[in-house]
Structures are given as structure tokens and as C-alpha cells.
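> Test case, fold it:
(chains A and B)
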Amino acid sequence: KAGVTQTPRYLIKTRGQQVTLSCSPISGHRSVSWYQQTPGQGLQFLFEYFSETQRNKGNFPGRFSGRQFSNSRSEMNVSTLELGDSALYLCASSLTGGDQETQYFGPGTRLLVL
Amino acid sequence: AQSVTQLGSHVSVSEGALVLLRCNYSSSVPPYLFWYVQYPNQGLQLLLKYTSAATLVKGINGFEAEFKKSETSFHLTKPSAHMSDAAEYFCAVSPAGRRALTFGSGTRLQVQP
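Presented below is the predicted three-dimensional model:
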């Protein structure tokens, strides 16, 4: 099976712009989670989607949003970019999002905000 | 809220030496625990996970971890380090019902020849 894929892999934006990142989960996986990784804050949970519904959300401002499509692919959007949004954004998928299920991570999208 | 503490942001060992990476969790109820590894410019790869089936968990690449409830610990070990083990390692907890991983701050393992 193909793993989790994320596009694009690298992105450069300027402050105030918006950005959309895409994630395709492993075939058959219906839960998709997003995490932000920065040197200062480490790995932080953004949100989780299952069957096109957001089931859980981390402590991030409303500028961060996401959605999931009927084929389980997911996108996350960041509006009005700030310098502090520069990070590696990781997507992870699992079968149903159960607590003990393994989350399989993609390679990430590295976002640089100038 | 449940949290994870990884002692030592950097650990350096010689090739062939024992690897010990420390992880302590805070929880009154044993959670689900995971160890992930991240190689440069890559995502996270699962090494092993504890889901209450057995306290000694064996993972990939010769790694194992022992769940000790009395010490609230889940330390990662490998008897003999290999150069290819150089990477960053993350301990994570999955609080019941939250469907989200809470990660420790990570430990960067350096393996000296």
C-alpha cells in the first residue's frame, strides 16, 4: 500500500497570504490528523477528521482550518500567515482514529513564511 | 491533561553501546504510549506502541520498551547502537477518547563511530 502523501513538500509564502496543504491518507484509512512541528513548540496537534467531520481540535487560532473530502483526502488552510506559522506540517492517517491505533505519518510540508 | 516528559534532549552513544532513551508520562490511568523516530527531512515512523497487552513491547530495528506503571515510565532501549539509529526520537501518549497524540519534546540520538 502506498503511504501517506502530502503536497506540496515545500512552500514559501509571505506574511498575510494564505496557504492550503493537501494530504492523501493510506487507502482505507478514514481518520486524518494534522500536526505542526516547530523547533520551539515541538509537535502539536491541530485537528482530526473522520468521515468529513472534524472530531477534535487542538489549541490553535481560527486562522487554522481544515476539511476532509468523501474520499478521506484532507486539506488544511492557514489564512493571514504570520512568521510564526513557519513549520513542518505533518499529516497522519489511521483506520478509524481509535486511541490505540497507529497513526501513520506523511513526510510533511515545510512551510516558510517570509 | 496528560503529558509526556523526555529526559535529555541530546544523547550520544558509541556504536555498539546500549541505547537508553527516557520517557515518563503523567496519568492516573495507564494511557496508550508510542515511540516514533524521525530521520532528517522525513515524517515520523512508529517504532513500537503499548496498548496494555504486554508490559515489554518489542518494536522494529531491535528497539524495545518496558511499561512500568509504578514509575510512570516507558523508556526505549536497544542493546547495541548502529550508526543508522542516529535520528530524533519522540515519545507520545494517546489520552483515552481524545484521538490525538501528545508528544514529548524529543531526544536527538547521536551515534559515534
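> Close to chain B: what parts of chain A are there?
A:4, A:31, A:33, A:35, A:42-45, A:48, A:55-56, A:58, A:90, A:92, A:97-100, A:102-108 (CB under 8 Å from any CB of the partner chain). From N, CA and C alone the C-beta is placed, and that goes for glycine too.
> Can I get stretch B:38-58 in CSV? Just the C-alpha atoms.
Extracted in CSV, the C-alpha atoms of stretch B:38-58 (Å, rounded to 0.1, in the frame of the first residue of the first chain):
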residue,chain,number,x,y,z
GLN,B,38,12.1,10.9,12.8
TYR,B,39,15.0,10.9,10.3
PRO,B,40,16.1,14.3,8.8
ASN,B,41,13.6,15.8,6.4
GLN,B,42,11.2,12.9,6.9
GLY,B,43,7.9,12.3,8.8
LEU,B,44,7.5,10.1,11.9
GLN,B,45,7.8,6.3,11.8
LEU,B,46,6.4,4.2,14.5
LEU,B,47,8.9,2.1,16.5
LEU,B,48,6.6,0.5,18.9
LYS,B,49,3.4,1.0,21.0
TYR,B,50,2.0,0.0,24.4
THR,B,51,-1.7,-0.8,24.4
SER,B,52,-1.8,-2.8,27.7
ALA,B,53,-1.4,-6.2,26.2
ALA,B,54,2.2,-6.7,27.5
THR,B,55,4.5,-4.5,29.6
LEU,B,56,7.5,-5.4,27.5
VAL,B,57,7.0,-4.2,24.0
LYS,B,58,9.3,-5.1,21.1
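> Low-confidence ranges, the chain, go.
Chain wasn't specified; assuming chain A. Within chain A, no range satisfies pLDDT under 70.
> that's the wrong chain, I meant chain B
Ranges of chain B meeting pLDDT under 70: B:1, B:28-30.
> Apply 80 and report the result again.
For chain B, residues meeting the criterion pLDDT under 80 lie at B:1-2, B:27-31, B:52-53, B:95-99.
> those strands in chain B, which residues are they?
Using DSSP state E, the strands found in chain B span residues B:3-5, B:10-14, B:19-21, B:24-26, B:32-38, B:44-50, B:56-58, B:64-68, B:73-78, B:87-94, B:102-103, B:107-112.
> Now render those strands as a markdown table, adding distance to residue A:21 and mean neighbour count.
Listed next are the strands of chain B as a markdown table, based on distance: least, CB to CB, whole Å; neighbours: other CB atoms under 10 Å in any protein chain shown:
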| stretch | distance to residue A:21 | mean neighbour count |
| --- | --- | --- |
| strand B:3-5 | 26 | 16 |
| strand B:10-14 | 30 | 14 |
| strand B:19-21 | 30 | 18 |
| strand B:24-26 | 30 | 17 |
| strand B:32-38 | 18 | 23 |
| strand B:44-50 | 17 | 21 |
| strand B:56-58 | 33 | 14 |
| strand B:64-68 | 32 | 18 |
| strand B:73-78 | 30 | 21 |
| strand B:87-94 | 21 | 23 |
| strand B:102-103 | 20 | 20 |
| strand B:107-112 | 26 | 16 |
